[in-house]
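Student: heads up, no residue letters with this:
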């Protein structure tokens, strides 16, 4: 049994994965949020310190300049220190981050008093500086606590999503294995050589499909999975099974969840081609539409056949995985026709988990 990782090892692993509790303050969005919140605090302080009919605009201007300078310099230094701080334990990195904020506040206070001696007003300069340091310490602690809670929430949401995805994959694989083994069993007596080849293909197919769930897969990887499955079915169905691929070159390297397209191909074979004495053609197309991926699968169906419960279950599982991974922008659309069955699958890789 592998050793259980310690808290320290988990912290180092999280840091390597870019999960340090302080966000990347070199990015515009978190800096903008910090500047906005700081300005709101300054406005609240100014409102509390002046009468509304005689609003103290000078106080607002001086406090805004001082606070924004502290915020921006602290963000810059925390951004530069994020990597070395991420190698430290949580308490130590938090203390160092607070010390950095306090040091910036102290330097800014001394510089402000040097440039604007009257900034402290009637308050003694030493007490004015100490007051700024205490405010920076309290506000900095609140902000760091907020960053930590946000990180824990993101980790919890990620773990819950991964658990849901693993559960959905677990529902798909037994059905997938059952159908594949049935195909191989039908070949053992009549075509033992083909059955042996099918078992080798099955081993390769499961090596690909049972990869670690965190590993990224692409459209090309999912195509390979489908081709392995179709190769096994081709041994059983022969010329009755025809497949036409239309995959845009720019879509081949796009991210696609593993076992998201294969169940649809399996449904097309199991509920469509295998029930037609003359067989038929399965058409699969994958294209890009802006930032989204659109996959369309079309197959013939026996006339008058109602969709089976197994077909519904597989489609529901695929749709759930899409929604869990890519949110409400993803979807699966079923278009039944006279003697045909079409499924459209769409999602935006940029919004993936």
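Tutor: The structure has been received and is ready for your questions. On a predicted model such as this, the values are computed, not experimentally measured, just so you know. Numbers count the residues shown, from 1 in each chain.
Student: Chain neighbours aside, what residue packs nearest to residue 258?
Tutor: residue 217 (4.5 Å; Cβ to Cβ, 6 or more residues apart in numbering). All C-beta atoms are positioned from the backbone trio N, CA, C, and that covers glycine.
Student: swap that for residue 184, sorry
Tutor: Setting aside the residues directly before and after it, residue 184 is nearest to residue 198 in space (Cβ to Cβ, 6+ apart), at 4.7 Å.
Student: The one you found and residue 183 touch, don't they?
Tutor: Yes. In this structure, residue 198 sits in contact with residue 183. The criterion is Cβ atoms under 8 Å, and the distance is 7.0 Å.
Student: Between the two, which contacts overlap?
Tutor: Between them, residue 198 and residue 183 share the neighbouring residues 232, 235, with contact defined by Cβ atoms under 8 Å, 6 or more residues apart in numbering.
Student: Looking at these two, which one has more neighbours?
Tutor: Neighbour count, other Cβ atoms under 10 Å: between residue 198 and residue 183, residue 198 has more, with 26 against 22.
Student: where's that one, which helix or strand?
Tutor: Element membership for residue 198, per DSSP states H and E: helix 192-209.
Student: Show me what the next helix or strand after that helix is packed against.
Tutor: Reading on from helix 192-209 to the C-terminus, the next helix or strand found by DSSP H and E is helix 219-237. When contacts are defined as 3 or more Cβ pairs under 8 Å, 6 or more residues apart in numbering; DSSP states H and E, helix 219-237 sits against helix 125-188, helix 192-209, strand 241-247, helix 262-271, strand 280-289.
Student: Make sure the residue nearest to residue 258 is actually in contact with residue 254.
Tutor: No. Applying Cβ under 8 Å, one finds residue 217 not in contact with residue 254, separated by 10.4 Å.
Student: and the residue nearest to residue 184, what does it touch?
Tutor: 183, 184, 187, 231, 232, 235.
Student: Check the third one and give its pLDDT.
Tutor: By that I understand residue 187. The pLDDT attached to residue 187 in the predicted structure is 76.
Student: The fifth one now?
Tutor: With respect to pLDDT, residue 232 scores 80.
Student: I'd like the distance between it and residue 317.
Tutor: Residue 232 is 21 Å from residue 317, where distance means Cβ to Cβ, to the nearest Å.
Student: Looking at the two, which has the bigger crowd around it?
Tutor: For residue 232 and residue 317, the more surrounded residue by other Cβ under 10 Å is residue 232, and the numbers stand at 25 against 20.
Student: Not counting sequence-adjacent ones, nearest residue to the more buried one?
Tutor: Nearest residue to residue 232, sequence neighbours excluded (Cβ to Cβ, 6+ apart): residue 198, at 4.8 Å.
Student: Residue 346 bridge partners, please.
Tutor: Residues in a beta bridge with residue 346, per DSSP bridges, are residue 294, residue 331.
Student: number of nearby residues for it?
Tutor: Under the neighbour criterion other Cβ under 10 Å, residue 346 is assigned a count of 17.
Student: try the one 3 residues further on
Tutor: Other residues within reach of residue 349, judged by other Cβ under 10 Å, total 19.
Student: likewise residue 257?
Tutor: Once other Cβ under 10 Å is used to define contacts, residue 257 is seen to have 24 neighbours.
Student: That one and residue 293, how far apart?
Tutor: 11 Å.
Student: ditto for residue 30
Tutor: Per Cβ to Cβ, residue 30 is found 29 Å from residue 293.
Student: out of the helices and strands packed on helix 219-237, deepest packed?
Tutor: Scoring those by mean neighbour count under mean count of other Cβ atoms under 10 Å gives helix 262-271 as the most buried, with a mean of 23.
Student: Show me what that helix is packed against.
Tutor: For helix 262-271, the elements it packs on are helix 125-188, helix 219-237, strand 280-289, strand 292-300, helix 309-326, strand 340-347, judged by 3+ Cβ pairs under 8 Å, 6+ apart.
Student: what about residue 20, how many residues close to it?
Tutor: Residues within reach of residue 20, counting by other Cβ under 10 Å, total 21.
Student: check contacts around it.
Tutor: Listed by Cβ under 8 Å, 6+ apart, the contact set of residue 20 reads 14, 82, 85, 86, 93, 151.
Student: confidence score at it?
Tutor: 78.
Student: hang on, it in a helix?
Tutor: No. Counting by DSSP: H, G, I helix; E, B strand; the rest coil, residue 20 is located in no helix; its state is coil.
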